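A.B. asks: what's the 3D shape of this:
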Amino acid sequence: MNMKNCLSILGLAVLYVVLVFACAFIGFLGPWCWVVAFPALAALLGAIPYFAAALRWQKFGVATLLSLALGAFVYATGECDLIGASLMLLAGVLADVIRLLTGNDTKCGVSLAYPVLSLGVMAWNMKLWTDTAWYYQGAVDEMGQAYADSLMQLASLWVLVLTIVLTLVMGYVGIRVVSGKMKSNLK
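C.D. replies: Model (predicted):
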């Protein structure tokens, strides 16, 4: 891999982090936007830099790099703890394994791997379901009592399942749209 290709892949990793982080701001509109819409929107928009990087690097590691960049960023900024950042990285590694098994140089491999990478974004707000009391107090401190009270209505298993399914679907839709629009040498 030449230096120009490496730099473009690193630039796409930065773009991925910026796009996902920008999607998080939708959470200021309300708890539903934070818990459900944010990961789904990030899955949709994150498909662009992922696909562009996957075209340039048709080997194991694209999703791992993107998830590492995102996890490191949210951990460094205090937005996520080490466990959450590690879960993001795990989603990236799992996505790369799926792509490796289904074809690093195929649209099918990219289409099946990317939605799994998208799930990693959910680690950012996973404590809503795993440490609800801590999450509630943090929401009170950051967003106020009314927002936190509304947020607690979303701390149910069905909202978790809804968010997972919606994120997977939006990741798949995003990667299929991008792969259909961008010129590609993938089979």
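A.B. asks: the closest residue to residue 98 other than its chain neighbours: helix or strand, and which one exactly?
C.D. replies: Nearest residue to residue 98, sequence neighbours excluded (Cβ to Cβ, 6 or more residues apart in numbering): residue 113, at 4.5 Å. No exception for glycine: its C-beta is placed from N, CA and C like everyone else's. Applying DSSP states H and E as the criterion places residue 113 in helix 107-119.
A.B. asks: tell me which strands and helices that helix is in contact with?
C.D. replies: When contacts are defined as 3 or more Cβ pairs under 8 Å, 6 or more residues apart in numbering; DSSP states H and E, helix 107-119 packs onto helix 38-56, helix 62-76, helix 82-102, helix 157-181.
A.B. asks: repeat the analysis, applying 6 Å as the threshold.
C.D. replies: helix 38-56, helix 82-102, helix 157-181 (3 or more Cβ pairs under 6 Å, 6 or more residues apart in numbering; DSSP states H and E).
A.B. asks: and that helix, what's buried?
C.D. replies: Applying a neighbour-count criterion of 16 or more other Cβ atoms under 10 Å, one finds 107, 109-119 buried in helix 107-119.
A.B. asks: hmm, which of the residues you listed is lowest in pLDDT?
C.D. replies: Ranked by pLDDT, those bottom out at residue 107, which has 90.
A.B. asks: who's in contact with that one?
C.D. replies: Residue 107 makes contacts with 179, 186, as judged by Cβ atoms under 6 Å, 6 or more residues apart in numbering.
A.B. asks: off-centre distance for the helix or strand that contains residue 10?
C.D. replies: Assigning secondary structure by DSSP H and E places residue 10 in helix 3-24. Counting by Cα atoms, centre = their mean, to the nearest Å, helix 3-24 is centred 13 Å from the centre of its parent chain.
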